[in-house]
Every structure is written in structure tokens, then in C-alpha cells.
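*Asks:* this one's sequence-less:
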């Protein structure tokens, strides 16, 4: 067992302490919600479109004003159908000189067509208020907080991945999770973070986060760390630790797990999916379904993990 893994286990042990000494509300959920609104305002952020290009430029500008370093990964991906997609990952780095690092990530692109299995409407693009904008908004809000109070003794990377939601997850497996796969394949030896946390579908007004199945299999100690930390800071009603009741998903964290990163998915996949309330992967994934309070809960958790790693 390496020193880095011992450090991670120590973090997990600390998570079980009765109370964490964590400053309240470093994260500003109201401001994060304005970032979410701005993203939806660009339009459908489908790779190869003007709204997608505009958001990439906006995020790049915003992050350069906050992070110590911004790394841009740009490349072209040719799909199974022969389309060429210009894609961009952005990595906002804080305390880049620290060897011990935490990685937080989210995808920022939106799905080019509605394909919820229960949905019978037109296959128009998905607005992505929750599926796309929510996780990216949490990372931007964390960037604000880390600019005001930089991490000490640990480095933090905020990774905005592209091309997560482009293709068919069953038939076009090379055309989904594209950005996280690219990031994982271009890691240098010795660059693995202590652990990684993916934020996806985290702004639902009725937020309920259950441990995800692939996360429990690959990094159970990170799942326990995250859910225990959420409980300590008063968000146990949103982070419900009930292993086996959550979804098991193919999401960006799986591509990181393949290269040895202890990555987990924080995701509310119960985003309404009844016959009369279909939001996920439909035109109804709009601003009225999401809230600043949910962003506050998840952003508080992200910042608490950073502060806990400083100890």
C-alpha cells in the first residue's frame, strides 16, 4: 500500500469523526445558480455548434480569473457515423505544486436529441439545465471559493469534460464519455489524484443522492468519506447512505476508474422519470426543475472535502 493510499484511508477515518471543523457556506449557491442560468442561456451546448463554442470561451475566461493555472485540452473526435466533433476539456488547477491532489469533475456538453425510453415526443435537443449545467455550475462555484481561500497542503483540480452525452450509450460507446476518456489517456505517470468525485444531475429541486453502484465497487472508502462528510455538515437528508438502493451507471467516473483513479459518481438519477413527469434526456430538463439550494448542498460538500484534506 502506497503512502498516498494510506493518506486516503486516513481521510476516510477522519470522516467518521462526530463533528468536522468546516467553515459554513464558503460556497455561494445563489451565484452558482447564475452560472447555471448562463449556460442554459447559451442554448443547446452540442459539440460543433456556436453555443458550445461560446460556452467554452466563457468558461475559459471565468476560470483564468480564478485558478492558478488553466489547462486546455482541445482535440477532434470522429464519431462512428463519421462526424468530426471539436471538443474541449478545461482543467482549473489550484495549488498546482502540490503532489497530493483532489479531482472534481463534471461534463458541460448537452445531449443532441431527447431519447428517454418513456418519452414519446419529438427527438429535439436537451436544454441540459440539470444534465450538463448543474455539475459545471458546482465546479465554477468551487472555483470562486478556492480563489478567495486557496487550498493549503493539498492541490485541487476542477475538470470540465466535454462529449459525455453525444452518442448512444448502448450502440455508440466510443461516442460517449469522450472527454473523460481523453483526460484519462493523457495522464502522465504519477499524476493520479488521491481520489475523484464526479458531479452529475445535482440540481434537481427534490435532491436525493444515493451511493452509485460502480462507485461502491471501485472506491467504497471514497463513497463513505463523501456521505459521512455530507452528514457532518448537515446535508444528510440529501446524501442518503443506502448502499444497494442507488443506480448503477456508465458515467465519466468509469473512464477514470479504468486508469486506477479512485473515482465515484455523485448523481441524482431519480430526476423525475414517471410517465407524466419526464425530465431526464427530454426537452423538459429546464430551469424551472432545478434550484440554487441543491447547488448549495453539493457545493458545500465539495468544499468540505477540500478543507478536510487540508488537515
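*Replies:* It's in. Source: prediction; values computed, not measured.

*Asks:* residues contacting the spatially closest residue to residue 133 that is not a sequence neighbour?
*Replies:* Nearest residue to residue 133 in three dimensions, chain neighbours excluded: residue 39, at 4.0 Å (C-beta to C-beta, 6 or more residues apart in numbering). To be clear about C-beta, it is placed using only N, CA and C from the backbone, and glycine gets the same treatment. Neighbouring residues of residue 39 by C-beta atoms under 8 Å, 6 or more residues apart in numbering: 45, 55, 108, 128, 132, 133, 136, 137.

*Asks:* Contacts for the helix or strand harbouring residue 72 next, please.
*Replies:* Element membership for residue 72 (DSSP states H and E) is strand 69-78. Here strand 69-78 makes contact (C-beta under 8 Å, 6+ apart) with 47, 60, 63-64, 84-93, 96, 163, 175, 178-179, 182-183, 186.

*Asks:* Can you classify the residue nearest to residue 133 by secondary structure?
*Replies:* Following DSSP: H, G, I helix; E, B strand; the rest coil, the label given to residue 39 is helix.

*Asks:* tell me the pLDDT at it?
*Replies:* We have a pLDDT of 98 for residue 39.

*Asks:* do you know how far it is from residue 290?
*Replies:* Here residue 39 is placed at a distance of 11 Å from residue 290 (C-beta to C-beta, to the nearest Å).

*Asks:* and for those two, which residues touch both?
*Replies:* Listed as contacting both residue 39 and residue 290 by C-beta under 8 Å, 6+ apart are residue 133.

*Asks:* just to revisit the earlier point, what mean pLDDT does the helix or strand following the strand holding residue 72 have?
*Replies:* Sequence order places strand 84-94 as the next helix or strand after strand 69-78, per DSSP H and E. Averaged over strand 84-94, pLDDT sits at 98.

*Asks:* Might you quantify the distance of stretch 196-213 from its chain's geometric centre?
*Replies:* 9 Å (C-alpha atoms, centre = their mean, to the nearest Å).

*Asks:* how about it: buried residues?
*Replies:* Going by neighbour count (16 or more other C-beta atoms under 10 Å), the buried part of stretch 196-213 is 196-204, 207, 209-213.

*Asks:* from those, which is closest to residue 225?
*Replies:* Among those, residue 197 lies closest to residue 225 (C-beta to C-beta), at 9.3 Å.

*Asks:* neighbours of residue 73, just the number please.
*Replies:* Other residues lying near residue 73 total 17 when counted by other C-beta atoms under 10 Å.

*Asks:* tell me the pLDDT at it?
*Replies:* We have a pLDDT of 98 for residue 73.

*Asks:* same check, this time on the one 4 residues further on
*Replies:* For residue 77, the model assigns a pLDDT of 98.

*Asks:* Ok, residue 272 next?
*Replies:* 83.

*Asks:* and the residue nearest to it when sequence neighbours are not counted, what does it touch?
*Replies:* Among residues not flanking residue 272 along the chain, residue 279 sits closest, at 4.9 Å (C-beta to C-beta, 6+ apart). The contact partners of residue 279, by C-beta under 8 Å, 6+ apart, come to 130, 204, 271, 272, 273, 285, 289.

*Asks:* Now residue 279. Its backbone dihedrals?
*Replies:* Per-residue torsions, residue 279: phi -110, psi -40 (degrees, to the nearest 10).

*Asks:* would you list every one of the strands in this structure?
*Replies:* 69-78, 84-94, 101-107, 155-161, 195-200, 263-267, 273-274, 277-278 (DSSP state E).

*Asks:* Let me know which of those is tucked in deepest.
*Replies:* Highest mean neighbour count of the strands of the chain: strand 263-267, a mean of 28 (counted as mean count of other C-beta atoms under 10 Å).

*Asks:* Adjacent strands (with direction) for that strand?
*Replies:* strand 195-200 (parallel) (DSSP bridges).

*Asks:* what's in contact with the partner strand?
*Replies:* By C-beta under 8 Å, 6+ apart, the residues outside strand 195-200 that reach it are 8, 102-107, 131, 134-135, 138-139, 219, 222, 225-226, 251-253, 256, 261-267, 298, 302, 305.

*Asks:* What is the neighbour count of the spatially closest residue to residue 174 that is not a sequence neighbour?
*Replies:* Spatial nearest neighbour of residue 174, chain neighbours left out: residue 80 (6.5 Å); criterion: C-beta to C-beta, 6+ apart. Residue 80: 12 surrounding residues under other C-beta under 10 Å.

*Asks:* from memory residue 80 sits against residue 172, does it?
*Replies:* Yes - assessed by C-beta atoms under 8 Å, residue 80 is found in contact with residue 172 at 5.2 Å.

*Asks:* Now list whatever residues contact both of these two.
*Replies:* Counting by C-beta under 8 Å, 6+ apart, nothing touches both residue 80 and residue 172.

*Asks:* hmm, back to that, export the contacts of residue 39 as TSV, with columns for neighbour count.
*Replies:* Below are the contacts of residue 39 laid out as TSV (neighbours: other C-beta atoms under 10 Å):
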residue	neighbour count
45	30
55	26
108	28
128	27
132	28
133	30
136	27
137	31
